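# Predicted coordinates and the sequence they were generated for:
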Amino acid sequence: TRSTRPQRMLKAVQKNATRGDPLSVISAIDRFCRHSEWAMNVGDEKGTILDSVVSEVNPAMALELGTYCGYSTVRIARLLPPGARLVTLEFNGDYAAIARQVIEWAGLEDMVQLVEGASGDWIPRMKEHFGVKTFDFIFLDHWKDRYLPDIKLLEECGLLRKGTVVLADNVICPGTPDYLEYIRNSPSYESNYFRSHLEYTKAEDGLEKSVYVG
Ligand SMILES: Cc1cc(-c2n[nH]c(CCNC(=O)c3cc(-c4ccc(F)cc4)cc(O)c3O)n2)ccn1
Ligand SMILES: [Mg+2]
């Protein structure tokens, strides 16, 4: 049967990127998505904004919701300090299988814990299952209608601390209007919008950066 797009993306990584070289994995995926087949990675333009926020936070404990093929996982993990950890959740088992191999090709498997399942099920289990106290950095890139319930769940589970940085992808396209309304009006967050474009297109999109002030 015909291969899937994530499988073809993995082939492009294995063909064009060097094992153990995260930057070559990132550019191999960007080339594939620009010149062969569009895919829903955060991409190079928004990826540069992601990089700058991760570098500024320098997180010891990071969470990503929505792994997909591992592109942003690699972008984040390559910038983490030694001993730091990134937990990433992927709902779709086929995507997770590809992401594992992309993360391994980049040589970053030791800093990344990839979990298959739904955010709503796993967030309440973060402390006991992963020994997490609080997260320093959170990247929201999963189902767009889950951003709002999940940020509330993260608060309720005590997984945020004063200064936790939450970066949300796709707040314009596909859009997360209820999340934006909540986070921009909540006294518990200081938010800024980074205007950009939907990955590999000219459509408007952007990232919302919110700092939890408690
Ligand atoms: C409930 C739960 C869910 C998850 C989970 N795992 N993987 C994901 C992927 C979600 N991502 C997207 O749907 C997404 C879509 C577009 C898009 C698509 C089509 C267009 F025309 C325009 C834009 C663009 C993007 O940048 C996106 O990120 N969610 C993990 C855990 N728990
Ligand atoms: Mg996205």
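Structure received. Numbers count the residues shown, from 1 in each chain. Ligands and ions are numbered 1, 2, ... in the order given.
# residues near the residue in the chain positioned nearest to ligand 2, how many?
Ligand 2 sits closest to D169 of the chain, with a gap of 3.7 Å, by CB to the ion. The way it works is simple: take the backbone N, C-alpha and C, and place the C-beta from them, glycine included. Residues near D169, counting by other CB atoms under 10 Å, number 31.
# Mind listing residues that contact the least confident helix or strand in the chain by mean pLDDT?
Lowest mean confidence among the helices and strands of the chain (mean pLDDT, DSSP states H and E): helix 126-130, at a mean of 95. For helix 126-130, contacts defined as CB atoms under 8 Å, 6 or more residues apart in numbering pick out 63, 87, 113, 122, 132-133, 157-159.
# and the residue of the chain closest to ligand 2, what is it in contact with?
Counting by CB under 8 Å, 6+ apart, the residues that D169 touches are 42, 46, 66, 72, 139-141, 205, 207.
# Redo the residues you listed as JSON lines? Include pLDDT and secondary structure.
Below are the contacts of D169 laid out as JSON lines (pLDDT from 0 to 100; DSSP: H, G, I helix; E, B strand; the rest coil):
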{"residue": "V42", "pLDDT": "98", "secondary structure": "coil"}
{"residue": "K46", "pLDDT": "99", "secondary structure": "helix"}
{"residue": "G66", "pLDDT": "98", "secondary structure": "coil"}
{"residue": "S72", "pLDDT": "99", "secondary structure": "helix"}
{"residue": "F139", "pLDDT": "99", "secondary structure": "strand"}
{"residue": "L140", "pLDDT": "99", "secondary structure": "strand"}
{"residue": "D141", "pLDDT": "99", "secondary structure": "coil"}
{"residue": "D205", "pLDDT": "98", "secondary structure": "strand"}
{"residue": "L207", "pLDDT": "99", "secondary structure": "strand"}
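# now those residues in a markdown table, with neighbour count and distance to ligand 1?
A markdown table is the format used below for the contacts of D169 (neighbours: other CB atoms under 10 Å; distance: CB to the nearest ligand atom, whole Å):
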| residue | neighbour count | distance to ligand 1 |
| --- | --- | --- |
| V42 | 25 | 6 |
| K46 | 24 | 8 |
| G66 | 25 | 4 |
| S72 | 27 | 9 |
| F139 | 26 | 10 |
| L140 | 29 | 9 |
| D141 | 25 | 5 |
| D205 | 22 | 7 |
| L207 | 23 | 10 |
